[in-house]
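Participant: All I have is the shape, not the residue letters:
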């Protein structure tokens, strides 16, 4: 009697499933026809989620009557996301530490999407059972993948946190003298802010116990890592400068700090020429520029005069091999003064390029010194 009741229940469920699938406008074609953003927005639709939940429940009742359903519409939709947009949700390169488990979840998702397509075209007990088996296996694989992915993310965030910690300590030692530039101090502050952001992210995914028990002694701070951190902080530095200039009225605090640093760096090129240093101090007069800004007297002409002087000093210190690059840079910079321009757009570009030019001049001088030393030793 019980078996007969189950068979009757199954027939009713199959009839309902057939109706639901025939009315459902959802297939793997949607992956081909939509971008990642469009598709993920589409599957947020509550009515669609409700229909999929009903279909999954019906399939579970037909194939595994009496068992608890452990799969949700979100689980089902995730298989389509992984199948169609894997590059957007994971790293698929073989060098990635999660490559094996990533490959496993991709394979599992592909099978589930394929079985759903076959079931939609031909609803019978074989296809229902096959789909239900794939669905439950995918759920297990998905849970394992998410767990592994979360642990990996916590580990990477923790490593980044302690790499920043090591870099901050190293930079604080270098900047402990009185001549440490404001830009260098701000670079350290940006690194500390990034470290705080990492700590917040670790807390959000319950990774604080791992971070606190982590041994930072094994954390490598190689040149590539330092360069990556530097570039990120460097970009953030100039972005802050840009946003300060966009304020109403503009905030020129960083501009004055940068001009102070620039003036000091130019003087270091001529340590034995106090006359040239005095000229640089007078031409980049921070007190005068501050007063002009305070009294709204710092205009386009004042800025052009300042920029022309800075360009002339860069050209006076440059090696001959850099002539073409510096002349092209000068031409590009001066083009801005031939038309109306925004200080927020111009100043970060100009000053960043000036410091880059000075870095190149110093690097060339150091390389030349090493070559001469090597030549003298041979």
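Facilitator: Everything's here; your move. Note that the structure is a prediction, hence the values are computed from the model and not measured. Numbering: from 1, shown residues only.
Participant: And the pLDDT for residue 12?
Facilitator: The score at residue 12 is 86. That number is its pLDDT.
Participant: Give the other helices and strands that the helix or strand where it lies contacts.
Facilitator: Assigned by DSSP states H and E, residue 12 falls within helix 2-23. Judged by 3 or more Cβ pairs under 8 Å, 6 or more residues apart in numbering; DSSP states H and E, helix 2-23 is in contact with helix 46-63. Backbone N, C-alpha and C define where each C-beta goes, glycine included.
Participant: And the next helix or strand past the helix it packs on?
Facilitator: Following helix 46-63 toward the C-terminus (DSSP H and E): helix 73-89.
Participant: what's the angle from that next one to helix 46-63?
Facilitator: 110 degrees (axes from the mean of the first three to the mean of the last three Cα atoms, to 10 degrees).
Participant: residues of helix 73-89 that come out buried?
Facilitator: Buried positions in helix 73-89, judged by neighbour count with 16 or more other Cβ atoms under 10 Å: 73, 75-86, 89.
Participant: which residues are in contact with that helix?
Facilitator: 28, 30-32, 36, 39-40, 43, 48-50, 52-53, 56, 90, 92, 102, 105-106, 108-110, 112-113, 135, 138-139, 142 (Cβ atoms under 8 Å, 6 or more residues apart in numbering).
Participant: related to what we said a few turns ago, excluding its own residues, what touches the helix holding residue 12? List them.
Facilitator: For helix 2-23, contacts defined as Cβ under 8 Å, 6+ apart pick out 51, 54-55, 58-59, 61-62, 65, 119-120, 123, 128.
Participant: that older thread, which of the contacts of helix 73-89 are buried?
Facilitator: Buried among the contacts of helix 73-89 (16+ other Cβ under 10 Å): 28, 39-40, 43, 48-49, 52-53, 56, 90, 102, 105-106, 108-110, 112-113, 135, 138-139, 142.
Participant: in the stretch 251-378 of the chain, which spans are helices?
Facilitator: Taking DSSP state H, counting those that start in this stretch, the helices of the stretch 251-378 of the chain run over residues 253-268, 274-283, 286-294, 300-317, 323-335, 343-377.
Participant: Same list (these) but as TSV, adding mean neighbour count, distance to residue 212 and mean pLDDT.
Facilitator: Output for those, formatted as TSV (neighbours: other Cβ atoms under 10 Å; distance: least, Cβ to Cβ, whole Å; pLDDT from 0 to 100):
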stretch	mean neighbour count	distance to residue 212	mean pLDDT
helix 253-268	18	35	89
helix 274-283	14	50	91
helix 286-294	14	45	90
helix 300-317	16	48	88
helix 323-335	13	49	83
helix 343-377	14	38	82
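Participant: remind me which residues of this protein are low pLDDT?
Facilitator: The model of the chain has pLDDT under 70 over residues 1-6, 65-66, 69, 174-183, 218-222, 225, 376-378.
Participant: remind me, longest helix of it?
Facilitator: helix 125-174 (DSSP state H).
Participant: relative to helix 253-268, how tilted is the helix or strand following that one?
Facilitator: As assigned by DSSP H and E, the chain's next helix or strand after helix 125-174 is helix 182-204. Per the same axes, to 10 degrees, the angle that helix 182-204 makes with helix 253-268 is 130 degrees.
Participant: what does helix 182-204 contact?
Facilitator: 154, 157-158, 160-161, 164-165, 167-168, 171-172, 174-175, 208, 210-211, 229-230, 232-234, 236-237, 240, 254, 257-258, 260-261.
Participant: what residues go with each domain of the protein?
Facilitator: What automatic domain parsing lists as the domains of the chain is 2-142, 248-377.
Participant: Relative to residue 213, how far out is residue 59?
Facilitator: 44 Å (Cβ to Cβ, to the nearest Å).
Participant: Please identify which of these two sits among more neighbours.
Facilitator: Per other Cβ atoms under 10 Å, whichever of residue 59 and residue 213 has more neighbours is residue 59, with 23 against 8.
Participant: sorry, back to before: export the contacts of helix 2-23 as a markdown table, with columns for distance to residue 325.
Facilitator: A markdown table is the format used below for those (distance: Cβ to Cβ, whole Å):
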| residue | distance to residue 325 |
| --- | --- |
| 51 | 63 |
| 54 | 67 |
| 55 | 65 |
| 58 | 70 |
| 59 | 67 |
| 61 | 74 |
| 62 | 73 |
| 65 | 77 |
| 119 | 65 |
| 120 | 63 |
| 123 | 70 |
| 128 | 70 |
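Participant: Drop the exposed ones from those residues and show what's left.
Facilitator: 51, 55, 58-59, 61-62, 119-120, 123, 128.
Participant: Show me the two of the residues you listed that sit farthest apart.
Facilitator: Farthest apart among those by Cβ to Cβ are 61 and 120. That separation is 18.2 Å.
Participant: Report the contact partners of residue 250.
Facilitator: With Cβ under 8 Å, 6+ apart, residue 250 has these contacts: 244, 343-344.
Participant: from these, which is closest to residue 280?
Facilitator: The nearest one, if we look at the contacts of residue 250 relative to residue 280 and count by Cβ to Cβ, is residue 343, at 22.7 Å.
Participant: could you measure that closest one against residue 263, distance?
Facilitator: Here residue 343 is placed at a distance of 19 Å from residue 263 (Cβ to Cβ).
Participant: which residue packs closest to residue 102, ignoring adjacent ones?
Facilitator: residue 90 (5.1 Å; Cβ to Cβ, 6 or more residues apart in numbering).
Participant: isn't that neighbour right up against residue 97?
Facilitator: No - when contacts are counted by Cβ atoms under 8 Å, residue 90 is not listed as touching residue 97 (11.8 Å).
Participant: Apart from its chain neighbours, what residue comes closest to residue 113?
Facilitator: Per Cβ to Cβ, 6+ apart, closest to residue 113 is residue 83, 4.6 Å.
Participant: likewise residue 105?
Facilitator: residue 145 is the one closest to residue 105 (Cβ to Cβ, 6+ apart), at 4.2 Å.
Participant: repeat for residue 310
Facilitator: Leaving aside its sequence neighbours, residue 310 sits nearest to residue 354 (Cβ to Cβ, 6+ apart; 6.0 Å).
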